[in-house]
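Q: from the sequence below, what's the structure:
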Amino acid sequence: MTHGSPDWVRIVQVAVIIDNQPVAPTTLEESVFDGFGSKSTSSSSYQTVSSWTVSTGKIGKLYKIELACDDYDTALWRVTVAGTKVLDGDSIPSELSKDFGELTLDAGDQVLIEVKSDGSTTIEAYADIDGKEVG
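A: Numbers count the residues shown, from 1 in each chain. Sure thing, here's the model as predicted:
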């Protein structure tokens, strides 16, 4: 026996039948999501820099997010992935690239990147979300 099957088995074929009709396999459609955004703000309230909501009927794959700005001492970041705060009022010392591997997101899940200033200093913030939708 090799590969977990008896020696005389050469191929295994699986057929899906619905209402006595065979269903032909289909390939999944994939589309890249590249959510680059920028925001100029002096607001002390969070402002959206970039966001992504996974489309209905699709599965999302999040690979990474990247954050940068022109004033790291002033900018405070909030990053939310599918309802979980990854950053919440955090400053970063320099540009940040956060790798998520291939995190699976369900339809309707959101990736939200927000930034705020101190209320008087204008900052330029940049964010990028790299992912894809499958389905």
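
Q: in the chain, where is pLDDT below threshold?
A: Where the chain drops to pLDDT under 70, the residues are 1-6, 9-10, 12.

Q: now do the SS call for Tyr126.
A: What DSSP: H, G, I helix; E, B strand; the rest coil gives for Tyr126 is strand.

Q: excluding chain neighbours, what is closest to Val32?
A: Lys132 (5.1 Å; Cβ to Cβ, 6 or more residues apart in numbering). Yep, even glycine has a C-beta here, placed from its N, CA and C like the rest.

Q: could you say which helix or strand holds that neighbour?
A: strand 123-134 (DSSP states H and E).

Q: how far away is the spatially closest residue to Ile129 that is not a sequence neighbour from Tyr63?
A: What sits nearest to Ile129 in space, not counting adjacent residues and going by Cβ to Cβ, 6+ apart, is Gly35, at 3.7 Å. When distance is defined by Cβ to Cβ, to the nearest Å, Gly35 is 11 Å away from Tyr63.

Q: what touches both of those two?
A: Asp130, Gly131 (Cβ atoms under 8 Å, 6 or more residues apart in numbering).

Q: what about the residue lying closest to Leu103 once chain neighbours are set aside, which SS state?
A: Among residues not flanking Leu103 along the chain, Leu62 sits closest, at 4.3 Å (Cβ to Cβ, 6+ apart). Here Leu62 is recorded as strand under three-state DSSP.

Q: got the contact list for Leu62?
A: Val81, Phe100, Glu102, Leu103, Leu105, Val111, Ile129, Asp130, Gly131.

Q: and of these, the nearest to Ala15?
A: Ala15 lies nearest to Glu102 out of the contacts of Leu62, by Cβ to Cβ, at 29.8 Å.

Q: and the angle from the strand or helix carrying that closest one to strand 123-134?
A: Assigned by DSSP H and E, Glu102 belongs to strand 96-105. Interaxial angle of strand 96-105 relative to strand 123-134 (axes from the mean of the first three to the mean of the last three Cα atoms, to 10 degrees): 30 degrees.

Q: alright, I will stop here.
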